[in-house]
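J.: Make a model of this:
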Amino acid sequence: MAGLDDLIPNATQIRKEAALKEAEKAEEYVRLAAAAEAEKRALIERLSKPSGKTEDEKIKLASTIIQRAVRNGLTEVQVYRFPNTLCTDKGRAINQMEAGWEKTLTGIPKEILELWTEYLKPRGYRIGYQVIDFPGGMPGDIGITISWGD
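T.: Numbering: from 1, shown residues only. So this is what the prediction gives:
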């Protein structure tokens, strides 16, 4: 029969093993957080540049999104959501509804505004840029909505 020391491990040894497991979990968390942050930076970098789509491709995409919303009985649709870092002021002007907020846009959000200005606005569509979440009380993501109802 095994001795008492074999059956009940020393508390000091158990604490060391638990601390090692916690350290392993912390290392894994840090690694995953760093990977997620790198992915986010890469996504923001990509979104801050022009999409590379032709005007025809952009118009067809807008038409598809709008027609799908109409078929579902909607009078508006969120067409895009982006991190506030794609605004030169991190969304402050949009949040405050300041005149000239559109000058803070970069990349794809700016392209969407240009598409609306050139093709959708003359056809009676409206556009709205609005901060849609406030993590930690600060402006977060911004949503772009196209509407056509009253």
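J.: ok, residue 109 - how many residues close by?
T.: For residue 109, the neighbour count with other Cβ atoms under 10 Å is 23. The C-beta positions use only the backbone N, C-alpha and C, and glycine is treated the same way.
J.: I figured it was touching residue 85, is that so?
T.: No - Residue 109 is beyond contact range of residue 85, at 10.9 Å (criterion: Cβ atoms under 8 Å).
J.: Might you list the low-confidence residue ranges for the protein?
T.: Low-confidence segments of the chain (pLDDT under 70): 1-5, 36-51.
J.: Now do the domain split for it, please.
T.: As given by automatic domain parsing, the domain ranges for the chain are 4-47, 55-147.
J.: which one of these is the most hemmed in?
T.: Mean neighbour count (mean count of other Cβ atoms under 10 Å) peaks for domain 55-147 among the domains of the chain, with a mean of 15.
J.: ends of that one, how far apart?
T.: End-to-end distance for domain 55-147, by Cα to Cα, to the nearest Å: 20 Å.
J.: Can you give the distance of that domain from its chain's centre?
T.: Relative to the chain's own centre, domain 55-147 is displaced by 13 Å; criterion: Cα atoms, centre = their mean, to the nearest Å.
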